[in-house]
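>>> structure, please.
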Amino acid sequence: MGRVLPIVIIAMLMIYAIVEVAQADPLRVRVMPRWLWAVAVILLPGAGALAWLVFGRPTRGSGRQSPPPKAPDDDPDFLRRL
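Coordinates of the predicted model:
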């Protein structure tokens with residue numbers, strides 16, 4: 001059990017980091033491009049995942065802003081003026 005536990009922990013950390021890299025906004029990822037983070041997490045077990053969590057993961061802002069309307073009929077101000 002003592003030999004298996006570190007391997008399981010590293011495997012779970014890698015899976016978590018890979019999923020997080022895949023879901024991260026490419027424009028907000030820090031230090032390296034997102035694809036390079038994925039390669040680092042896969043090729044450097046443990047160290048790549050920890051590096052992603054410390055240096056690459058996008059920082060959480062104080063609040064998320066809603067994206068601007070894409071069409072005039074999506075804009076409530078535009079619809080009020082009709």
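
>>> okay, now V41: neighbour count?
A count of nearby residues for V41, using other Cβ atoms under 10 Å, gives 26. C-betas here are computed from N, CA, C, even on glycine.

>>> correct me, but it touches M14?
Yes - applying Cβ atoms under 8 Å, one finds V41 in contact with M14, separated by 6.1 Å.

>>> could you say which helix or strand holds I15?
For I15, the host element (DSSP states H and E) is helix 4-23.

>>> returning to what we had before: now for V41 and M14: what residues contact both?
Common neighbours of V41 and M14, using Cβ atoms under 8 Å, 6 or more residues apart in numbering, are 48-49.

>>> could I get the phi/psi values of the residue most central in space within the chain?
The centre of the chain sits closest to A24, judged by Cα atoms, centre = their mean, with a distance of 2.6 Å. Torsion angles at A24 (phi, psi; degrees, to the nearest 10) stand at phi -70, psi 150.

>>> P72: what's it in contact with?
Contacts of P72 (Cβ under 8 Å, 6+ apart): F78.

>>> how confident was the prediction at it?
P72 is assigned a predicted lDDT (pLDDT) of 71.

>>> and the helix holding I15, what does it pack against?
helix 34-43, helix 47-51 (3 or more Cβ pairs under 8 Å, 6 or more residues apart in numbering; DSSP states H and E).

>>> kindly indicate whether F55 is helix, strand or coil.
Put simply, F55 is helix when judged by DSSP: H, G, I helix; E, B strand; the rest coil.

>>> so what's the residue count around it?
Neighbours of F55 (other Cβ under 10 Å): 11.

>>> is it true that it touches L36?
No - judged on Cβ under 8 Å, F55 makes no contact with L36 at a distance of 11.9 Å.

>>> and L27, how far is that from P33?
Noted for L27: a distance of 11 Å to P33, by Cβ to Cβ, to the nearest Å.

>>> give me the mean pLDDT for stretch 32-48.
pLDDT averaged over stretch 32-48 gives 93.

>>> touching it from outside, list them.
Residues outside stretch 32-48 that contact it (Cβ under 8 Å, 6+ apart): 10, 13-14, 17-18, 21-22, 24, 26, 29, 49, 51-52, 56.
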